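> output the structure for:
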Amino acid sequence: MGKLITISREFGSGGRELGRNLAKKLGYAYYDKEIVKEIAAKTKLSEDYVNSIIEKRPFSMFPIHTGSSFQTMTNPIDDQNQLIFREQCNILKEMAVKSDCVIVGRCADYILSEKQPLRVFVYADMDYKIRRCMGNQSAEETLNTKEIKKKIQSLDRQRSQYYMFFSGQKWGDKEYYDLCINMSNIGMEAAVAAIAALV
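Residues are numbered from 1 along each chain as shown. Model (predicted):
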């Protein structure tokens, strides 16, 4: 089994970039959007559809925890939610044994908890996240600061609900992470160097 780092992150905090740079520095494999492609291939669902479900709380009356579920009746939407999550679990476990790797999001810290990954949670002050999102907008995007703040809050709420739904744990709670890092006053290079040194 290789060394494993999982990164959970608030939207706009820079967690994805941190994970990619950390993997590069350590010479680890980096997995993020590749997971969605693998799930789509194995479930025969479109990448857009899988992506629309990943990190959003599925519409179901009951929470679904790994290895158990309680259903009073069959629901096609619930079945697809479970299928996608089941494939996500399988793919993450396969990736974790292939090589040393950094995995961003996808409940990886929970799904792979038995493999004892270094679990990192990346967050930042709202002003920092807004500035970062403004700077990363494409030429076609014209969101103002108020709209970006609303988008950040909405996406973080979806991530929190998704994580709670499948894990039964509170997203961002320090109890479930080995390292929580506030990017607001720490440069990306310094953050990467610090985590690499810890590893």
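
> so, low pLDDT: which residues of the protein?
The chain contains residues with pLDDT under 70 at 1, 34-79.

> ok, which stretches of it are helices?
Using DSSP state H, the helices assigned to the chain run over residues 15-26, 33-43, 47-53, 76-98, 108-111, 126-135, 145-167, 188-198.

> would you reformat those as JSON lines and include distance to Leu179?
The C-beta positions use only the backbone N, C-alpha and C, and glycine is treated the same way. Output for these, formatted as JSON lines (distance: least, C-beta to C-beta, whole Å):
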{"stretch": "helix 15-26", "distance to Leu179": "11"}
{"stretch": "helix 33-43", "distance to Leu179": "22"}
{"stretch": "helix 47-53", "distance to Leu179": "27"}
{"stretch": "helix 76-98", "distance to Leu179": "19"}
{"stretch": "helix 108-111", "distance to Leu179": "11"}
{"stretch": "helix 126-135", "distance to Leu179": "18"}
{"stretch": "helix 145-167", "distance to Leu179": "17"}
{"stretch": "helix 188-198", "distance to Leu179": "7"}
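
> give me whichever of those helices is most buried.
Comparing the helices of the chain by mean neighbour count (mean count of other C-beta atoms under 10 Å), helix 108-111 ranks first with a mean of 24.

> list the helices and strands that one packs on?
For helix 108-111, the packing partners by 3 or more C-beta pairs under 8 Å, 6 or more residues apart in numbering; DSSP states H and E come out as strand 4-9, helix 76-98, helix 145-167.

> so which of these comes closest to Tyr110?
Tyr110 lies closest to helix 145-167 among the helices and strands packed on helix 108-111, at 4.2 Å (C-beta to C-beta).

> angle of that closest one against helix 76-98?
Between helix 145-167 and helix 76-98, the angle comes out at 80 degrees (axes from the mean of the first three to the mean of the last three C-alpha atoms, to 10 degrees).

> render the CA-only coordinates of helix 145-167 in CSV, please.
The C-alpha trace of helix 145-167 is given here as CSV (Å, rounded to 0.1, in the frame of the first residue of the first chain):
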residue,chain,number,x,y,z
THR,A,145,-18.4,39.8,-5.4
LYS,A,146,-21.9,39.4,-4.0
GLU,A,147,-22.7,36.7,-6.6
ILE,A,148,-19.4,34.9,-6.0
LYS,A,149,-19.9,34.9,-2.2
LYS,A,150,-23.4,33.3,-2.8
LYS,A,151,-21.8,30.7,-5.1
ILE,A,152,-19.1,29.9,-2.5
GLN,A,153,-21.7,29.5,0.3
SER,A,154,-23.9,27.3,-1.9
LEU,A,155,-21.1,25.0,-3.0
ASP,A,156,-19.7,24.6,0.5
ARG,A,157,-23.2,23.8,1.7
GLN,A,158,-23.6,21.1,-1.0
ARG,A,159,-20.2,19.6,-0.1
SER,A,160,-21.2,19.6,3.6
GLN,A,161,-24.5,17.9,2.9
TYR,A,162,-23.0,15.3,0.6
TYR,A,163,-20.3,14.5,3.1
MET,A,164,-22.8,14.2,6.0
PHE,A,165,-25.1,12.1,3.9
PHE,A,166,-22.6,9.4,3.0
SER,A,167,-20.3,9.5,6.1
